[in-house]
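Undergrad: build me a model:
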Amino acid sequence: MMSSLKGPVIFCLALFITGCGSITPKGNSGWLGHTETGTASFYAMIYQGKKTASGEAFNQSAKTAAHKTLPFGTRVNVTNTDNGKSVTVKVNDRGPFVRGRIIDLSQTAFKSIGSLDEGIIPVTITVVE
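TA: Got it, this is the predicted structure:
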């Protein structure tokens, strides 16, 4: 009796595993062209040199960002919808965890599209790589 169930059980397990594997895009290519609109903020200086979720040390001078779900290494074009300025950043951290905010930028990236005095800016992000 047990051996007659082995085939269907293996088939169901294979079906389940295959189905789960197709939920998440492989690499960044499944995200290419993905866009979001919301607000962006920037990291405070206290995070300089601290470890990011990807394991890299945070560097305010680098054009990097935190996003809740995009894979690490994803390149994102961030456009300030108020002035049309844009910057391309690499996702290397998780966050922001504030309602309405879709991305946290290093200060260098933020300053290239807005003023630090603003604190947060309206943006559209697009995955480019």
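Undergrad: alpha carbons only for contacts and neighbour counts from here, please
TA: OK.
Undergrad: report the buried residues of stretch 114-124.
TA: 114, 120-124 (16 or more other Cα atoms under 10 Å).
Undergrad: equivalent analysis for stretch 95-104, please.
TA: Using 16+ other Cα under 10 Å as the test for burial, stretch 95-104 gives 96, 101-104.
Undergrad: can you redo those residues as JSON lines with secondary structure?
TA: Compiled in JSON lines, these are given as follows (DSSP: H, G, I helix; E, B strand; the rest coil):
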{"residue": "P96", "secondary structure": "coil"}
{"residue": "R101", "secondary structure": "strand"}
{"residue": "I102", "secondary structure": "strand"}
{"residue": "I103", "secondary structure": "strand"}
{"residue": "D104", "secondary structure": "strand"}
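Undergrad: in the chain, mark out all the strands, start to finish.
TA: For the chain, strands defined by DSSP state E occupy the ranges 35-42, 64-66, 75-80, 86-93, 101-105, 121-127.
Undergrad: tell me the mean pLDDT for the fourth one?
TA: What it means is strand 86-93. For strand 86-93, mean pLDDT rounds to 98.
Undergrad: quick one: strands adjacent to it?
TA: For strand 86-93, the paired strands and their directions (DSSP bridges) read strand 64-66 (parallel), strand 75-80 (antiparallel).
Undergrad: output the below-cut-off pLDDT ranges for the chain.
TA: When the per-residue scores of the chain are filtered using pLDDT under 70, the ranges that remain are 1-29.
Undergrad: how about the helices in the protein?
TA: 2-21, 107-113 (DSSP state H).
Undergrad: residues in contact with A44?
TA: Q107 (Cα atoms under 8 Å, 6 or more residues apart in numbering).
Undergrad: same question, the one 3 residues further on
TA: Contacts for Y47 were tallied using Cα under 8 Å, 6+ apart; they are F58.
Undergrad: burial of G30, as a residue count?
TA: The criterion is other Cα atoms under 10 Å. On that basis, G30 has 12 neighbouring residues.
Undergrad: so R75 versus E129, what's the distance?
TA: If you measure R75 against E129 using Cα to Cα, to the nearest Å, the figure is 5 Å.
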